[in-house]
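Chemist: The amino acid sequence is not available; the structure is as follows:
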Ligand SMILES: [Cu+2]
């Protein structure tokens, strides 16, 4: 994770400080110039008035890969992002990186959605209470978050009028030229908290521990096949809820990730690699020699058969999806949840950062608990928020450490 020093620097944040800043009640901020809102048809619970809106955030200007300061990696923090609704339940959302014309921007064209995540600055994080509530994290796999489980569950993330939502996006550009991209999110929601709907409590479960303090040994020439397991303390909720959705986030090289309750395996997720051309790059591309598909006589469209092996050495297949788990039953304070992640960097080429070191390992399982609304509302009203600076500082510090350890000698 690289909610990086560029961002911290820009905000004048001194690392290591963890002072909670009270957030004043506020109205929806004006949308940033270029943000587009488009009304779509809801997929689930349309009969209950569900709405679907595509919000295209941006534009984000990516520096070129030759830029001396960023090497093409740029963070775009929005501390008060335009939400699709207020006093509503977000029942699902998708995330895509797009070009100006609305088509997908992906690895085969040299842009990479390194990370994107949402935090509610008015709430307290469930697994690391010194931080604000982490709502989700996503990477280039662009996992959908569907809290209705395809319309089978009435649940959603409650957004209050006064909530300040932080959207952090980091994009990497492997091309020499600067480019403009947009973060396109499709939000689905219902107004208010309709009868029969539960409120979702999101929980970030991480092999690095609840407050990201246990860094695994970095991948490297002598550490290519390994697994990382969360410390035995794990995470125990201070409430009882239905654990009904797990959305993982891992990096290239991952082969599987597992979640355990009280030591018992309850969820196994498996990533897919290079499932479409958009997720396939060429060896050497990261030296920005060329984009995938640009060479003459080297097209992937049309007659696929035979002549073209995507598994051959000069192709890199990136994580293009990862499975999710649903409906795992009631979990409460007496239970302990842990996560373990398996990596094989020989089987799957790992991502390299601009300094040539391997990307830090990630093994995150985003847990979604459905809970009765009265109970959650009571909890929410008692929350004081957490320090986003403390979170960003931790992430920046980890990133620096992990890169220093992994740096080629
Ligand atoms: Cu990641």
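Modeler: The structure has been received and is ready for your questions. It should be emphasised that the depicted structure is a prediction, and the values quoted were computed from it without experimental measurement.

Chemist: C-alpha from now on. contacts and neighbour counts both.
Modeler: OK.

Chemist: Report the secondary structure state of residue 256.
Modeler: strand (DSSP: H, G, I helix; E, B strand; the rest coil).

Chemist: From residue 249, how far out is it?
Modeler: Going from residue 256 to residue 249 by CA to CA, to the nearest Å gives 11 Å.

Chemist: now swap in residue 175 and tell me
Modeler: 25 Å.

Chemist: Over to residue 116?
Modeler: 11 Å.

Chemist: between the two, what contacts are shared?
Modeler: 137-139 (CA atoms under 8 Å, 6 or more residues apart in numbering).

Chemist: Return the subset of those lying in strands.
Modeler: 137-138 (DSSP state E).

Chemist: In terms of neighbours, single out the busier of residue 256 and residue 249.
Modeler: With neighbours defined as other CA atoms under 10 Å, residue 256 and residue 249 compare such that residue 249 has more, 26 against 20.

Chemist: tell me which residues form a beta bridge with the closest residue to the more buried one other than its chain neighbours?
Modeler: Among residues not flanking residue 249 along the chain, residue 364 sits closest, at 5.0 Å (CA to CA, 6 or more residues apart in numbering). Beta-bridge partners for residue 364, by DSSP bridges, are residue 206, residue 249.

Chemist: Who are the contact partners of residue 364?
Modeler: Counted by CA under 8 Å, 6+ apart, residue 364 has contacts 204-207, 248-250, 339.

Chemist: same check, this time on residue 182
Modeler: With contacts defined as CA under 8 Å, 6+ apart, residue 182 is in contact with 56-60, 97-100.

Chemist: try it again with 10 Å
Modeler: Residue 182 sits next to 34-36, 55-61, 96-102, 104-105, 171 when contact means CA atoms under 10 Å, 6 or more residues apart in numbering.

Chemist: same deal with residue 212?
Modeler: Residues near residue 212 by CA under 10 Å, 6+ apart: 128, 205-206, 391, 394-395, 398.

Chemist: separation between residue 397 and residue 116?
Modeler: 18 Å.

Chemist: Which of these two has more residues huddled nearby?
Modeler: A side-by-side neighbour count of residue 397 and residue 116, using other CA under 10 Å, places residue 116 first with 24 against 18.

Chemist: The more buried one looks like it's in a strand, true?
Modeler: Yes - counting by three-state DSSP, residue 116 is part of a strand.

Chemist: Tell me how many other residues surround the residue nearest to residue 224 when sequence neighbours are not counted.
Modeler: Of all residues not flanking residue 224 in the chain, residue 345 sits nearest, at 4.9 Å (CA to CA, 6+ apart). The tally of other residues near residue 345 (other CA under 10 Å) stands at 20.

Chemist: And residue 345, how close does it get to residue 316?
Modeler: 12 Å.

Chemist: Quickly list what's touching both of the two.
Modeler: 252, 351.

Chemist: about what we covered before: export the contacts of residue 212 as a markdown table, with columns for secondary structure, neighbour count and pLDDT.
Modeler: Shown next, in a markdown table, are these (DSSP: H, G, I helix; E, B strand; the rest coil; neighbours: other CA atoms under 10 Å; pLDDT from 0 to 100):
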| residue | secondary structure | neighbour count | pLDDT |
| --- | --- | --- | --- |
| 128 | coil | 20 | 97 |
| 205 | strand | 27 | 98 |
| 206 | strand | 28 | 98 |
| 391 | helix | 23 | 97 |
| 394 | helix | 20 | 97 |
| 395 | helix | 21 | 95 |
| 398 | helix | 20 | 95 |
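
Chemist: Save those residues as JSON lines, and put in distance to residue 80 too.
Modeler: Shown next, in JSON lines, are the contacts of residue 212 (distance: CA to CA, whole Å):
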{"residue": "128", "distance to residue 80": "22"}
{"residue": "205", "distance to residue 80": "25"}
{"residue": "206", "distance to residue 80": "26"}
{"residue": "391", "distance to residue 80": "17"}
{"residue": "394", "distance to residue 80": "21"}
{"residue": "395", "distance to residue 80": "20"}
{"residue": "398", "distance to residue 80": "25"}
